[in-house]
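K.L.:
Got a predicted model here, sequence first, then my questions.
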Amino acid sequence: GPKVLQIPSHQIIDMGQMVTLNCDPVSNHLYFYWYKQILGQQMEFLVNFYNGKVMEKSKLFKDQFSVERPDGSYFTLKIQPTALEDSAVYFCASSLEVGVFAEQFFGPGTRLTVL
Amino acid sequence: GDSVTQTEGLVTLTKGLPVMLNCTYQTTYSPFLFWYVQHLNEAPKLLLKSSTDNKRTEHQGFYATLHKSSSSFHLQKSSVQLSDSALYFCALSDPGTQVVGQLTFGSGTRLQVYA
């Protein structure tokens, strides 16, 4: 079936550095999402993105976070600067449609460790 | 706000036995419920979904029935296999507050099946 890829699978960085998490969504999908999962907790919505714009973001999407998808390439989540509490697994998802019943296809996640 | 509760963190079973993974939710509006399954080192994948009260939904031997009266969407299977060992997430989408398909996840239940 359709696959979402995430690069890298693991990333370790020092606090205060910048990090970019990359997502290669399903090729014909139009809507893109990031979720954050702290160890032992549930996955939480961060942001969704369509047509070059953020549509909706949660309170977890701090000012240090930004998303973009330049020219149909990777959908990226950038954190600058990073903080210790940013350590988590970040899941990217994409969907062809939007709405309450639209199926979101998830990537395997990027485990980010901030030291 | 919306919430999803999965009471079991870990369920262990011998293959061939039936299983039920609990999911209850809280929302102000009409709910759309999903079950996702995540095998080790893989992406979460949609297992099944429903928005119809008291109607059983089935896929790959798993089934669930949305009961709005009890705000529940428990996942069941009559005979588990070794390959069913995975992490199972219940998730909610709510048209009242999440027009663009933001999912609210439970904390997940790990199902471990033994021979």
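P.N.:
Ah, there it is.
K.L.:
For B:Leu13, give me its contacts.
P.N.:
Counting by C-beta atoms under 8 Å, 6 or more residues apart in numbering or on different chains, B:Leu13 touches B:Val19, B:Val80, B:Leu111, B:Gln112, B:Val113, B:Tyr114. Yep, even glycine has a C-beta here, placed from its N, CA and C like the rest.
K.L.:
Look up how far B:Gln112 lies from it.
P.N.:
7 Å (C-beta to C-beta, to the nearest Å).
K.L.:
With A:Asn22 instead?
P.N.:
Relative to B:Gln112, and taking C-beta to C-beta, A:Asn22 is found at 32 Å.
K.L.:
Quick check: phi and psi at A:Asp71.
P.N.:
phi 50, psi 40 (degrees, to the nearest 10).
K.L.:
can you count the residues close to it?
P.N.:
4 (other C-beta atoms under 10 Å in any protein chain shown).
K.L.:
Could you report the neighbour count for the residue nearest to A:Glu68 when sequence neighbours are not counted?
P.N.:
Spatially, and ignoring its direct neighbours in sequence, A:Glu68 is nearest to A:Thr76 (5.8 Å; C-beta to C-beta, 6 or more residues apart in numbering or on different chains). By other C-beta under 10 Å, 17 other residues sit near A:Thr76.
K.L.:
so A:Thr76 touches A:Arg69, yeah?
P.N.:
Yes - the criterion here is C-beta atoms under 8 Å, and A:Thr76 meets it with A:Arg69 at 7.1 Å.
K.L.:
Now the worst-scoring helix or strand of chain A on mean pLDDT - C-alpha only, PDB.
P.N.:
Counting by mean pLDDT, DSSP states H and E, the weakest-scoring helix or strand in chain A turns out to be strand A:53-57, with a mean of 91. C-alpha atoms of strand A:53-57 as PDB (Å, rounded to 0.1, in the frame of the first residue of the first chain):
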ATOM      1  CA  LYS A  53       0.100  26.900   4.400                       C
ATOM      2  CA  VAL A  54      -0.400  25.800   7.900                       C
ATOM      3  CA  MET A  55      -4.100  25.100   8.300                       C
ATOM      4  CA  GLU A  56      -4.300  24.300  12.000                       C
ATOM      5  CA  LYS A  57      -1.800  24.000  14.800                       C
END
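K.L.:
other SSEs contacting whichever helix or strand comes after that strand?
P.N.:
Once strand A:53-57 ends, the next helix or strand along the chain (criterion: DSSP states H and E) is strand A:65-68. In terms of contacts (3 or more C-beta pairs under 8 Å, 6 or more residues apart in numbering or on different chains; DSSP states H and E), strand A:65-68 is packed against strand A:43-50, strand A:75-79.
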